[in-house]
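**Q** Here is a sequence together with a model predicted from it:
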Amino acid sequence: MFSRPRCGLCDEARRVILALRERIPFEFEEVSVDGDDDLELAYGVRVPVVLVDGEELFELVVDGEALAAAVRNRTS
């Protein structure tokens, strides 16, 4: 997930992701776009941006059920 500090939408997305990880094990990495010009240009105004196996699936809001389906499809 690409995020920023002090981002309410990022906090909510993180809660959705971590709650899902309790049910379905998967790796989670969070990267702050702050301080990286390329990342800020690519994701800065759209955070949070969530990728699953390199594919951008969510921007601003993470749908828990859609994320669960995406993770299940990639782990099965």
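**A** Yep, that arrived. Owing to the predicted nature of the structure, the values given are computational and were not obtained by experimental measurement.

**Q** three-state assignment of residue 51?
**A** strand (DSSP: H, G, I helix; E, B strand; the rest coil).

**Q** next one: the one 5 residues further on
**A** Per three-state DSSP, the local secondary structure of residue 56 is strand.

**Q** Can you tell me who residue 58 pairs with across the strands?
**A** Per DSSP bridges, the residues bridged to residue 58 are residue 50.

**Q** Report the separation between it and residue 37.
**A** 23 Å (C-beta to C-beta, to the nearest Å). Placement of C-beta: from N, CA and C, glycine included.

**Q** which residues sit against stretch 53-72?
**A** Residues outside stretch 53-72 that contact it (C-beta atoms under 8 Å, 6 or more residues apart in numbering): 9, 12-13, 16-17, 19-20, 23-24, 26, 46-52, 74.

**Q** List only buried entries from those.
**A** 9, 13, 16, 17, 20, 47, 48, 49, 50 (16 or more other C-beta atoms under 10 Å).

**Q** Since that was my last question, I'll sign off now.
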